[in-house]
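S.K.: need a structure here:
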Amino acid sequence: MEFHTVREFRDKATSILRSTEPVFITRRGKLAGVYMPVADGELPLDLKRQLFGVLAEQIRQEREEKGVSETEILDDFTTWQKERRAARGRR
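M.R.: Prediction:
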């Protein structure tokens with residue numbers, strides 16, 4: 001198990017991510033993130049499900065705090081795609 005500050009991680013991310021053991025990233029002495037290396041490069045299904053649940057909940061909370069609906073987000077994304085295609089000369 002390794003511990004690094006955010007600054008160390010920023011400066012040495014490539015070498016830190018080569019670690020074969022868990023890496024804990026701290027900011028001002030508090031845990032900011034964890035890097036967990038996976039031998040075969042594939043996350044176990046139960047971990048994927050748990051991660052998806054946590055991320056979905058965080059997105060829902062942030063969306064509710066900002067008063068934005070899923071439909072508004074999808075409409076905004078569709079508009080962005082059309083503008084991007086138009087800027088590239090595509091339809």
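S.K.: Surely Gly33 is in a strand?
M.R.: Yes. Secondary structure of Gly33 (DSSP: H, G, I helix; E, B strand; the rest coil): part of a strand.
S.K.: Look up how far Ala87 lies from it.
M.R.: According to C-beta to C-beta, to the nearest Å, Gly33 stands 35 Å off from Ala87. Glycine gets a C-beta too; all of them are placed from N, C-alpha and C.
S.K.: can you list the weak-confidence ranges in the chain?
M.R.: The chain contains residues with pLDDT under 70 at 90-91.
S.K.: So which residue is dead centre in it?
M.R.: Nearest to the geometric centre of the chain sits Leu55, at 8.5 Å (C-alpha atoms, centre = their mean).
S.K.: Quick check: which element contains it?
M.R.: Using DSSP states H and E, Leu55 sits within helix 45-66.
S.K.: Could you identify the helix or strand that succeeds that helix?
M.R.: helix 70-87.
S.K.: quick check: angle from that following helix to helix 45-66?
M.R.: 90 degrees (axes from the mean of the first three to the mean of the last three C-alpha atoms, to 10 degrees).
S.K.: then helix 70-87 to PDB, C-alphas only?
M.R.: The C-alpha trace of helix 70-87 is given here as PDB (Å, rounded to 0.1, in the frame of the first residue of the first chain):
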ATOM      1  CA  GLU A  70     -32.500  14.200 -17.700                       C
ATOM      2  CA  THR A  71     -34.400  15.500 -20.700                       C
ATOM      3  CA  GLU A  72     -32.700  18.900 -20.500                       C
ATOM      4  CA  ILE A  73     -29.300  17.200 -20.400                       C
ATOM      5  CA  LEU A  74     -30.100  15.000 -23.400                       C
ATOM      6  CA  ASP A  75     -31.500  17.900 -25.400                       C
ATOM      7  CA  ASP A  76     -28.400  20.000 -24.600                       C
ATOM      8  CA  PHE A  77     -26.200  17.100 -25.700                       C
ATOM      9  CA  THR A  78     -28.100  16.700 -28.900                       C
ATOM     10  CA  THR A  79     -27.700  20.500 -29.600                       C
ATOM     11  CA  TRP A  80     -24.000  20.300 -28.900                       C
ATOM     12  CA  GLN A  81     -23.600  17.300 -31.300                       C
ATOM     13  CA  LYS A  82     -25.400  19.200 -34.100                       C
ATOM     14  CA  GLU A  83     -23.300  22.300 -33.600                       C
ATOM     15  CA  ARG A  84     -20.100  20.300 -33.500                       C
ATOM     16  CA  ARG A  85     -21.000  18.500 -36.800                       C
ATOM     17  CA  ALA A  86     -21.900  21.800 -38.400                       C
ATOM     18  CA  ALA A  87     -18.600  23.300 -37.300                       C
END
